[in-house]
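Colleague: Fold the following.
(chains A and B, ligands or ions: 3)
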Amino acid sequence: MKDEELRRLTALCARCGTCRTVCTLYPERKAEIAVARGKVAVLDAALTGEDEDARGVQEALTDCLLCGRCERACPNQVLVEEILMKGRADMAEKVGVPAWKTILFQGVMRSPAVKGAARRAAAAGQRLLTPVPTESGLHYRFPAGFGTAGRTVPRLPAKGFLDTLGRGEAVSGEVMLFVGCVFDHVYPQVGRAAYETVKASGKPVAVFRDAPCCGLPAMVSGDRRSAMMCAGENLRRIREAAPRAVVFPCGSCLLMFRRNVFSLFPEGHPLREDASFVAERSVDYASFLLSEGVLDRLPDPPAGEKTGEIGYHDPCHLSGTLGRGPQAREVLSRTVGPAFAEMEGADLCCGYGGTFNAREYPTSARIGERKIALAARGGTKVISTACSGCVLQMRDMAARLDPSLRVVHIAELVFQAISGAGRSPGRR
Amino acid sequence: MDSNALSSLGNLFGERLRTSLETRIAYSFDATRKVHLPDAVVFPETAGEVRDAVLLANRHRFPIVPRGAGSGFSGGALPVRGGVVLSTERMDRILSIDTENLYAVVEPGVVTETLKEEARKRGLFYPPDPASLKFSTIGGNIAEGSGGMCAVKYGVTRDYVLGLDAVLGTGELVRTGVSTAKGVVGYDLTRMLVGSEGTLGIVTRATLRLVPYPEATVTLLAFFPGNRNAAAAVNGIVEARVTPSAMELMDRTAIDCVQAVTPVSLPEGTGSALLLEVDGPGDAVGREAGRVEEACRSRGALEVRRASSVSGREELWKLRRSISPGLLRIAPVKINEDIVVPRSRLADMLDFLSGLADRKNVRIINFGHAGDGNIHVNLMISGVDAAETARAEEAVEEIFRTTVEMGGTISGEHGVGISKAPFLEMEVGPLGVSVMKRLKGCFDPNGILNPGKIFLDEAAVRG
Ligand SMILES: Cc1cc2nc3c(=O)[nH]c(=O)nc-3n(C[C@H](O)[C@H](O)[C@H](O)COP(=O)(O)OP(=O)(O)OC[C@H]3O[C@@H](n4cnc5c(N)ncnc54)[C@H](O)[C@@H]3O)c2cc1C
Ligand code: SF4
Ligand code: SF4
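Modeller: Ligands and ions are numbered 1, 2, ... in the order given. Okay, here's the model as predicted:
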């Protein structure tokens, strides 16, 4: 039954080859197996029983960034991402999910307390690594031969963003801020910037405290069970709090609640209604600022000397799948004025792809470095964006390639502008 | 394939030999959606490697099927007899563009659009424009003799191939042709290889003619009450001594199909439309567009729209470009034929098709390159109703027969492959087939290259 549904989706693929022209991975692999058409064919063979090697199929389906460029270019509207995620789940059912992943998704990512403890432990361990100062903060480089040569990681903070909130602060309000794991634990300054600027709307803001991970990392790994646990818990708690809007500084978390929950909780599932409730209220950070007129209160952005040095990187899902590229750009031009200009290759995938980066670091890094180099050559000095994976990846790439290149979340720029405007962004 | 052959291939190609089931599946199809599994896939990087692979195939007697982007519509790249798929994806360099002598030298895996863009950057034009140009390869274009909308003025791939390097079925690497505008020394082996669908030789390098990029382009979209008026306008334009760079005809069936997806405003009573484009020197283009418009109006055009800006032209193209995506909304399976009739018989053919659709009770959607009489005939079926499928197959056979009777050809662009092999003799006759088989025997005596294509049976080929 489940297979039939999947086969209905794969049957739409005409094997035309259009997806070859846009695939992020194709230039790296130069083989049909890299692109949507090849993967859909492999999955078809698995579904009909012609390919019984679930591990081989899993391997083929997993070598992909899930950037969705293929899906958006497909003239036949083949739902490639849905197909690949379902296919991965099917294969995971046959061969299982590695135990460490299950522990990570269910034991760590689902529990805010454990997430914090893990961060503290990792932060302590970082002292063993080589420091690399960059414009976007201190990074550490892994020694050669240690896992993935050349990889750098951000210095983990002693306190997450949520740890810095006062006990009674931002506990209830009609606007809920979904900070996300990365902007809480890795880049608390982004969490802070998002919070302060969302609060500048004048609406009471509740920061979602006990949020488990959104569930996307588990879902793309084919671990649907963990994904449903994480996402489901979020849905129930958001529903309970009944906010008017849920604001997401991270495009990937937003994708989870705007689109993927419908695949996890299909028609008839007890959580389906909660999924619709949350999806209807979920909005990206930029759209929220615009709809609330937060930027109207800013003075005219400074004209001048830094013309064109800030670019915007389109997160695949936020700009592509959810079509929120124009909103982020409007926020930028109203915040930094002529300092914002389109950067070269703005809509190219950064190469992160979540689990792809962990599995295939050298390939992920080549894709990312190419992207960063293109932007830098075009004169961009600050790359802004609005997705946690993209920030992680591009900061790593900048640390490797050109530490003077800054990578920021748009909220940081807005926060800076609001603070600079003499507004008191702090306590209310 | 025996394991000796595979291990020899492994010695040659190292990690560029792939035998995993998943990779073989990924190289088992093309745009026909038919599936034939190869035993292995190789990714050569040089002509020498291609030659060595073919020599090995002669020694061990396994088939080799060249493959570009696998976007063919006739099954050319399918390994119907198993063997090795030889992918040209890693031979994708543009070796040079000579701006003085106007030619480019490229490897076969270069994507058509990449060459067009590189030429354009130098003020030059590589005209062949199959609709698949964003992904199809030059090697595939040459092997299929592909063409597109601008064929009416600029011709097809065949008209731009000056010379080739190719590895024959024997494993010999031959260089054919010239890199000059003229050349008549000996038989024209270049043209022999163009359109040979990978059955005579594997192209490893091509020298392609370029022309200056046209200065300006004007697009016109003319609406007519019916196909007769549109066909008359096409002749009127030719009489007015204008050669448009595109003349796309969309009949009522195609217009309806687009209207269902992305409605375009149409004048009352539209039964047919022509999309026209003229290009050339800036001052001449305006005058030519005027004559085209006049020819349309005098043949009963209901309305003629005209644009020269990029965005305005794109708007006019919308009707034509929306047809293919629209087709899938109509029925899950399309049988796609690309017949050509003499331009003077265009209206007769369209009348015949409309009658046939009624008679066979199959929905048929027609559009195409009116300037060269090439009609894309799409029979839309559910694919699950056996009786309907049978009626559609009868219809196809009738279409081919009528096409040949009208003095036309059963494939203008997509080639024979396996899809049209049963009809080869219908068009070229038994002697034609026999001469072709003898030629095949001379290029590829052991039947190594792409067996099972073009000819229904190859017994005579191997002799
Ligand atoms: C959406 C779509 C639109 C299309 N529109 C058009 C159109 O407007 N006009 C048109 O003419 N075609 C069209 N086609 C068909 C197809 O794109 C062309 O036939 C194209 O030339 C095939 O190129 P390819 O690289 O995909 O070749 P493949 O499909 O990989 O191979 C085609 C044939 O060429 C042979 N071959 C490939 N490389 C070599 C080589 N180096 N040496 C020798 N033989 C080789 C193969 O063995 C095979 O027989 C379209 C296809 C699609 C999917
Ligand atoms: S573009 Fe869409 S229909 Fe075409 S091959 Fe790719 S997935 Fe299939
Ligand atoms: S999701 Fe991205 S990487 Fe994966 S097949 Fe599609 S375009 Fe390629």
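
Colleague: okay, residue A:15: pLDDT?
Modeller: Residue A:15 is assigned 94 on the pLDDT scale.

Colleague: I meant residue A:422, not that one.
Modeller: Per-residue pLDDT puts residue A:422 at 50.

Colleague: ditto for the one 3 residues further on
Modeller: Reading off the per-residue confidence, residue A:425 sits at a pLDDT of 40.

Colleague: now swap in residue B:426 and tell me
Modeller: The confidence metric pLDDT takes the value 89 at residue B:426.

Colleague: Surely residue B:304 is in contact with residue B:219?
Modeller: No. If you go by CB atoms under 8 Å, residue B:304 and residue B:219 don't touch, sitting 11.0 Å apart. (Glycine included, C-beta is placed from N, CA and C.)

Colleague: and the two? which has more neighbours close in?
Modeller: residue B:219 (25 against 20; other CB atoms under 10 Å in any protein chain shown).

Colleague: which residues does the closest residue to the more buried one other than its chain neighbours contact?
Modeller: Nearest non-adjacent residue to residue B:219, counting by CB to CB, 6 or more residues apart in numbering or on different chains: residue B:313, 4.1 Å away. Residue B:313 makes contacts with B:217, B:218, B:219, B:277, B:307, as judged by CB atoms under 8 Å, 6 or more residues apart in numbering or on different chains.

Colleague: ok, the closest residue to the last one other than its chain neighbours to residue B:217 distance?
Modeller: Residue nearest to residue B:307 in three dimensions, not counting chain neighbours: residue B:313, with 4.8 Å by CB to CB, 6+ apart. According to CB to CB, to the nearest Å, residue B:313 stands 7 Å off from residue B:217.

Colleague: Now for these two: what residues contact both?
Modeller: Common contacts of residue B:313 and residue B:217 (CB under 8 Å, 6+ apart): residue B:277.

Colleague: one step back: now the contacts of residue B:313 as a markdown table including pLDDT?
Modeller: Putting the contacts of residue B:313 into a markdown table (pLDDT from 0 to 100) gives the following:
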| residue | pLDDT |
| --- | --- |
| B:217 | 95 |
| B:218 | 96 |
| B:219 | 96 |
| B:277 | 96 |
| B:307 | 95 |
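
Colleague: quick one on the thing from earlier: what's the helix or strand for the residue nearest to residue B:219?
Modeller: In this assignment (DSSP states H and E), residue B:313 forms part of helix B:310-321.

Colleague: what's the neighbour count on residue 130?
Modeller: I'll assume chain A. Neighbourhood size, residue A:130 [other CB under 10 Å]: 10.

Colleague: Please refer instead to chain B.
Modeller: The tally of other residues near residue B:130 (other CB under 10 Å) stands at 22.

Colleague: would you put the C-alpha positions of the next helix or strand after the helix holding residue B:313 in CSV?
Modeller: Downstream of helix B:310-321, the next assigned helix or strand under DSSP H and E is helix B:323-330. The C-alpha atoms that make up helix B:323-330 are tabulated as CSV, following Å, rounded to 0.1, in the frame of the first residue of the first chain:
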residue,chain,number,x,y,z
ILE,B,323,2.5,23.0,-24.7
SER,B,324,4.8,20.2,-23.5
PRO,B,325,4.2,20.8,-19.8
GLY,B,326,0.5,21.0,-20.6
LEU,B,327,0.4,17.6,-22.3
LEU,B,328,1.0,15.7,-19.2
ARG,B,329,-2.1,17.1,-17.6
ILE,B,330,-4.2,15.6,-20.4
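
Colleague: Which one of the residues in the stretch 201-350 of chain B is closest to ligand 2?
Modeller: Nearest to ligand 2, among the residues of the stretch 201-350 of chain B, is residue B:328, at 9.1 Å (CB to the nearest ligand atom).

Colleague: just checking, that residue touches residue A:76?
Modeller: Yes. When contacts are counted by CB under 8 Å, residue B:328 is listed as touching residue A:76 (5.6 Å).

Colleague: all strands of the stretch 51-200 of chain A, in order?
Modeller: With strands called from DSSP state E, counting those that start in this stretch, the stretch 51-200 of chain A shows them at A:130-134, A:137-141, A:152-154, A:175-177.

Colleague: now the third one: mean pLDDT?
Modeller: By that I understand strand A:152-154. In this model, strand A:152-154 carries a mean pLDDT of 86.

Colleague: For it, buried residues please.
Modeller: Buried positions in strand A:152-154, judged by neighbour count with 16 or more other CB atoms under 10 Å in any protein chain shown: A:152, A:153, A:154.

Colleague: other SSEs contacting it?
Modeller: Secondary-structure packing of strand A:152-154 (3 or more CB pairs under 8 Å, 6 or more residues apart in numbering or on different chains; DSSP states H and E): strand A:137-141, helix A:388-401.

Colleague: between the ones you listed, which gets nearest to ligand 1?
Modeller: Ranking the helices and strands packed on strand A:152-154 by proximity to ligand 1 (CB to the nearest ligand atom) places helix A:388-401 first, at 32.1 Å.

Colleague: The very next helix or strand once past the closest one pairs with which strands, and in what direction?
Modeller: Next helix or strand after helix A:388-401 toward the C-terminus (DSSP H and E): strand A:406-409. Strand A:406-409 has its sheet partners listed here by DSSP bridges as strand A:382-385 (parallel).

Colleague: Okay, now the unreliable bits of the chain?
Modeller: Defaulting to chain A. Scanning chain A for pLDDT under 70 picks out A:1-2, A:143-149, A:303-305, A:421-428.

Colleague: not what I meant, chain B
Modeller: Scanning chain B for pLDDT under 70 picks out the ranges B:458-463.

Colleague: Around ligand 3, pick out the residues from it.
Modeller: Residues of chain B lying close to ligand 3 (CB under 6 Å from any ligand atom): none.

Colleague: Can you name the residue of the stretch 1-150 of chain A nearest to chain B?
Modeller: Distance from chain B to each residue of the stretch 1-150 of chain A (CB to the nearest CB) is smallest for residue A:38, at 3.5 Å.

Colleague: Around the closest residue to that residue other than its chain neighbours, how many other residues sit close by?
Modeller: Counting by CB to CB, 6+ apart, residue A:38 lies nearest to residue B:26, which is 3.5 Å off, once chain neighbours are set aside. Residues contacting residue B:26 under the criterion other CB under 10 Å number 27.
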